[in-house]
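In: What follows is a predicted protein model with its sequence.
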Number of protein chains: 2
Amino acid sequence: MDTHSVEILFQIFVMFTAAKVLDAAGHKAHVPTVISEILAGILVGPSLLNLVQIQEWTLALAQLGAIVLLFSVGMSQKLTDLLAVGGTAMLVAVLGVVAPFFLGWGLMVLLHHNQIESVFLGAAMVATSVGITASLLNELGALRTVVASVILAAAVIDDVLGIIVLALASTLALGVGYVEVVSIAVLAVGFTLFIVLLGHRLAPVMNRYVAGEPAFALAMILCLGLSLAAAKARIAAIIGAFLAGLFFSEEELSGGVKDKVHALHEFLVPFFFVTMGMQMNLGVLGQGSILLLAALVTFLAIVGKLIGCGLGAYRLGREQALQVGVGMVPRGEVGLIVASIGLGLSAISDEVYAVVIIMVLITTLAAPPALRLLLSRHPAPLRESS
Amino acid sequence: MDTHSVEILFQIFVMFTAAKVLDAAGHKAHVPTVISEILAGILVGPSLLNLVQIQEWTLALAQLGAIVLLFSVGMSQKLTDLLAVGGTAMLVAVLGVVAPFFLGWGLMVLLHHNQIESVFLGAAMVATSVGITASLLNELGALRTVVASVILAAAVIDDVLGIIVLALASTLALGVGYVEVVSIAVLAVGFTLFIVLLGHRLAPVMNRYVAGEPAFALAMILCLGLSLAAAKARIAAIIGAFLAGLFFSEEELSGGVKDKVHALHEFLVPFFFVTMGMQMNLGVLGQGSILLLAALVTFLAIVGKLIGCGLGAYRLGREQALQVGVGMVPRGEVGLIVASIGLGLSAISDEVYAVVIIMVLITTLAAPPALRLLLSRHPAPLRESS
């Protein structure tokens, strides 16, 4: 064993153990696994204990974790149910993108930041982290409710919209042509529609031909393949994984495919959340002016989703509209990706980057307990098909 | 998604798909999964299609695959059975190390290579690849035979011996003191004995306290922890994983731990074998003199294990002794590690490095069909406890 392999093994051990130990400790206090594992990442990451650092293999493992997470979430959705809420979800997604974008952009313009930086901040406030919300709904046993269907469908749609906004922002920063932006937007929408419509027809056919151990292999090939296709189409890879999961959601598969995916989930997903925690730099919390801007941006990020998504879901009634709004609050990997691309293009400053990270951290940590509370006071009704 | 993440996802997709497709294709011709997946690695790796290249994250994923492989192999062994064959296994291991080492070293000295290079080649011929042999025995349904117990126990012991020989060779090359060599040797032997004796007593106690989803988490923490401890003690990490598996081998665990480990096995192990295939450079096959030396070294590597291990297992009868000898022929990761360390220390030339790779390739590819043939003609008797 060379010392480098030993170091990688050490970090894998630390990440996995911290995640599972904090999760076990938090379980009795009803802390969601998502939060325990992000906190584990903050604890062992560069900000505090510095036992582990972000490296290429960390990101590869985290990416696999995110893909497996969305794959198993997709499996637990029934495609027909998502299509049934499609109208409401579309309204929730569009209003939930428009409101926070203009609130964030407006704040920055008011504070005399330049146009490009303002657009990037708005773009980073757009996309709900479907991974965190889905995992939380799963833990709360609320995946088969109308509220969950609307949230997940809207989160998928707003990721696509978020990518389009990101493309627009990058275009502004780079000065590239509008042709590329339009082509990305068309690809993103077209890809999603194509897979949704194809999966709807193909699932029963595929289920008839796969069985036994090859069924799991084929499922994972499809999952990785669609993730790759989504990434190549400039949509987030996890959207492809979610859509692949939908392929297998309608019918029970032989060969224990769902159990096996769940086992992968238990091992790989912690690496995703721990890595998200590791990426949060607590050092910036010492600066007063950044804290003030972060507080304003976070407030607007929450209000934007509550108003935008709440209005979009108003036809479900006030309680459920509020639940949808709160469920759409957590920002995660897409917000971080937007921020890091902005930083890479020198479109945003280190300070604004830190502000985005704090916003992501707080929306991620605050939404789960709020949603838990709302759901315990007004349990969301199950979908009719369940 | 940045383009780098997309590239990683592409390579993961290609590695996994190639492994599973070639395995499915080879399955009807009774080609072992091991060989199909190594061939898949050669096919998509730098030697042929060059779709994937060895990178840090590839090695990290391959390492996880090797650890999960040995963990599940350990789980399928009964510790008491391994201890029961301990005497024979020790004899098989020691003679199986001594014979190929001196044959390889002697050949190189005869051919006027320098002392250090000769010792390194001998060292690279020592360690049986327990991963390949275990996987093959698993596929042949022969894991619960006396022959399998002897092979696996001997392979574990000869990995420890191989590390000691590697330490000796490195000492020669570096000129470091004998104190370090002795301390590594003592650590390696002591660690193995400690875990074996501890696991023997602890397993029933642990099984009483873990249940449900945390049982799997605890099992994986123990697996990664012992792998890390083994690596820190300068033994191969996979030996720790194998020993951790033994902890859970005596009794059935609740929470479906074994099924979950098997699911991880199906997803992660292909990355180990594909990476081994990727590391094989076919380009050197064009040089005549290297091919001749490689043929000689490979011949001695096979004869050394057949004679050494066959003699060690002679008390089992001629058929089973031959099966043990053939089962010990495949060299793998340890041989490659020895060669790459030798190359790194400038102790061996590029040509000798290529020779080791060819030897590893041929012993790995030739042994499985031979063992399959022997086992089909003379089925190995089951262990009494099974």
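Out: On my side now, so go ahead.
In: how far away is the residue most central in space within chain A from A:Gly122?
Out: In chain A, the centroid-proximal residue (CA atoms, centre = their mean) is A:Ser129; its distance is 2.5 Å. Between A:Ser129 and A:Gly122 the distance, using CB to CB, to the nearest Å, works out to 17 Å. All C-beta spots, glycine's among them, are computed from the backbone N, C-alpha and C.
In: What of A:Leu136?
Out: 25 Å.
In: cool, A:Leu70 as well?
Out: Counting by CB to CB, the gap from A:Leu70 to A:Gly122 is 25 Å.
In: Can you pick out the residue with more neighbours from the two?
Out: A:Leu70 (30 against 25; other CB atoms under 10 Å in any protein chain shown).
In: Was I right to think the more buried one contacts A:Gly245?
Out: Yes - with contacts counted by CB atoms under 8 Å, A:Leu70 reaches A:Gly245, the gap being 6.7 Å.
In: And the strand or helix carrying A:Trp105, what does it pack against?
Out: Per DSSP states H and E: A:Trp105 is located in helix A:86-110. Here helix A:86-110 touches helix A:115-124, helix A:146-174, helix A:288-312, going by 3 or more CB pairs under 8 Å, 6 or more residues apart in numbering or on different chains; DSSP states H and E.
In: closest to B:Ala188 out of the ones you listed?
Out: Proximity to B:Ala188, assessed across those by CB to CB, is greatest for helix A:146-174 (50.5 Å).
In: quick one, the closest one and helix A:86-110 angle?
Out: 40 degrees (axes from the mean of the first three to the mean of the last three CA atoms, to 10 degrees).
In: then stretch A:87-103 to PDB, C-alphas only?
Out: Output of stretch A:87-103 as PDB, limited to C-alpha atoms (Å, rounded to 0.1, in the frame of the first residue of the first chain):
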ATOM      1  CA  GLY A  87     -49.800  21.700 -13.900                       C
ATOM      2  CA  THR A  88     -49.500  22.700 -10.300                       C
ATOM      3  CA  ALA A  89     -45.900  21.700 -10.200                       C
ATOM      4  CA  MET A  90     -45.100  23.800 -13.300                       C
ATOM      5  CA  LEU A  91     -46.700  26.900 -11.700                       C
ATOM      6  CA  VAL A  92     -44.900  26.200  -8.400                       C
ATOM      7  CA  ALA A  93     -41.600  25.900 -10.200                       C
ATOM      8  CA  VAL A  94     -41.900  28.900 -12.400                       C
ATOM      9  CA  LEU A  95     -43.100  31.300  -9.700                       C
ATOM     10  CA  GLY A  96     -40.600  29.800  -7.300                       C
ATOM     11  CA  VAL A  97     -37.800  30.600  -9.800                       C
ATOM     12  CA  VAL A  98     -39.000  34.100 -10.700                       C
ATOM     13  CA  ALA A  99     -39.600  35.400  -7.200                       C
ATOM     14  CA  PRO A 100     -36.300  34.600  -5.500                       C
ATOM     15  CA  PHE A 101     -34.300  35.500  -8.700                       C
ATOM     16  CA  PHE A 102     -35.800  39.100  -8.800                       C
ATOM     17  CA  LEU A 103     -35.600  39.500  -5.000                       C
END
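In: What is the burial count for A:Leu111?
Out: A:Leu111: 10 neighbours (other CB under 10 Å).
In: Distance check, it against A:Val98.
Out: 21 Å.
In: check contacts around A:Pro270.
Out: A:Met15, A:Phe16, A:Ala19, A:Lys20, A:Asp23, A:Glu37, A:Ala40, A:Gly65 (CB atoms under 8 Å, 6 or more residues apart in numbering or on different chains).
In: so which of those would you say is closest to B:Leu343?
Out: So of the contacts of A:Pro270, ranked by how close each gets to B:Leu343 (CB to CB), first place is A:Met15, at 31.3 Å.
In: Mind giving me the packing neighbours of the helix or strand hosting A:Phe10?
Out: According to DSSP H and E, A:Phe10 maps onto helix A:3-27. Secondary-structure packing of helix A:3-27 (3+ CB pairs under 8 Å, 6+ apart): helix A:33-44, helix A:56-75, helix A:257-278, helix B:56-75, helix B:213-232, helix B:237-247.
In: quick one: the closest residue to A:Val329 other than its chain neighbours and chain B, what's the gap?
Out: Nearest residue to A:Val329, sequence neighbours excluded (CB to CB, 6 or more residues apart in numbering or on different chains): A:Ala367, at 4.1 Å. Using CB to the nearest CB, to the nearest Å, we find A:Ala367 at a distance of 24 Å from chain B.
In: Secondary structure element holding A:Ala367?
Out: helix A:350-377.
In: List the buried residues in that helix.
Out: By neighbour count on 16 or more other CB atoms under 10 Å in any protein chain shown, the buried set for helix A:350-377 is A:352-368, A:370-372, A:374-375.
In: How about stretch A:209-223?
Out: In stretch A:209-223, counting by 16+ other CB under 10 Å, buried: A:Val210, A:Glu213, A:Pro214, A:Ala215, A:Phe216, A:Ala217, A:Leu218, A:Ala219, A:Met220, A:Ile221, A:Leu222, A:Cys223.
In: Also within reach of chain B: list those from these.
Out: A:Glu213, A:Pro214, A:Phe216, A:Ala217, A:Leu218, A:Met220, A:Ile221 (CB under 8 Å from any CB of the partner chain).
In: close enough to count as contact, the third one and B:Leu264?
Out: Think A:Phe216. No - if you go by CB under 8 Å, A:Phe216 and B:Leu264 don't touch, sitting 11.4 Å apart.
In: where does the stretch 201-350 of chain A have low pLDDT?
Out: Scanning the stretch 201-350 of chain A with the threshold set as pLDDT under 70 gives A:201-208, A:210-212, A:234-236, A:250-255, A:333.
In: Would you mind listing what in it touches chain B?
Out: Near chain B, when you scan the stretch 201-350 of chain A using CB under 8 Å from any CB, you find A:213-214, A:216-218, A:220-221, A:224-225, A:227-228, A:231-232, A:234, A:236-237, A:256, A:259-261, A:263-264, A:266-267, A:337, A:340-341.
In: Mark which of those residues are buried, thanks.
Out: Here, 16+ other CB under 10 Å leaves A:213-214, A:216-218, A:220-221, A:224-225, A:227-228, A:231-232, A:234, A:236-237, A:256, A:260-261, A:263-264, A:266-267, A:337, A:340-341 buried among those.
In: Could you list the low-pLDDT ranges of the stretch 1-150 of chain A?
Out: Short version for the stretch 1-150 of chain A, where the test is pLDDT under 70: A:1-2, A:30, A:78-79, A:81-82.
In: Recalculate using a threshold of 80.
Out: A:1-4, A:27-32, A:34-35, A:76-85, A:130-133, A:135-136 (pLDDT under 80).
In: can I get the CA coordinates of stretch A:19-34 in PDB?
Out: Presented in PDB, the C-alpha positions along stretch A:19-34 are these (Å, rounded to 0.1, in the frame of the first residue of the first chain):
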ATOM      1  CA  ALA A  19     -21.900  10.500   9.100                       C
ATOM      2  CA  LYS A  20     -23.300   7.300  10.600                       C
ATOM      3  CA  VAL A  21     -22.300   8.100  14.300                       C
ATOM      4  CA  LEU A  22     -23.800  11.600  14.100                       C
ATOM      5  CA  ASP A  23     -26.900  10.200  12.400                       C
ATOM      6  CA  ALA A  24     -27.300   7.600  15.100                       C
ATOM      7  CA  ALA A  25     -26.800  10.200  17.800                       C
ATOM      8  CA  GLY A  26     -29.300  12.600  16.200                       C
ATOM      9  CA  HIS A  27     -31.900  10.000  15.500                       C
ATOM     10  CA  LYS A  28     -33.400  10.100  19.000                       C
ATOM     11  CA  ALA A  29     -33.800  13.900  18.800                       C
ATOM     12  CA  HIS A  30     -35.500  13.500  15.400                       C
ATOM     13  CA  VAL A  31     -32.700  15.300  13.600                       C
ATOM     14  CA  PRO A  32     -33.100  14.300   9.900                       C
ATOM     15  CA  THR A  33     -30.200  12.200   8.500                       C
ATOM     16  CA  VAL A  34     -29.600  15.000   5.900                       C
END
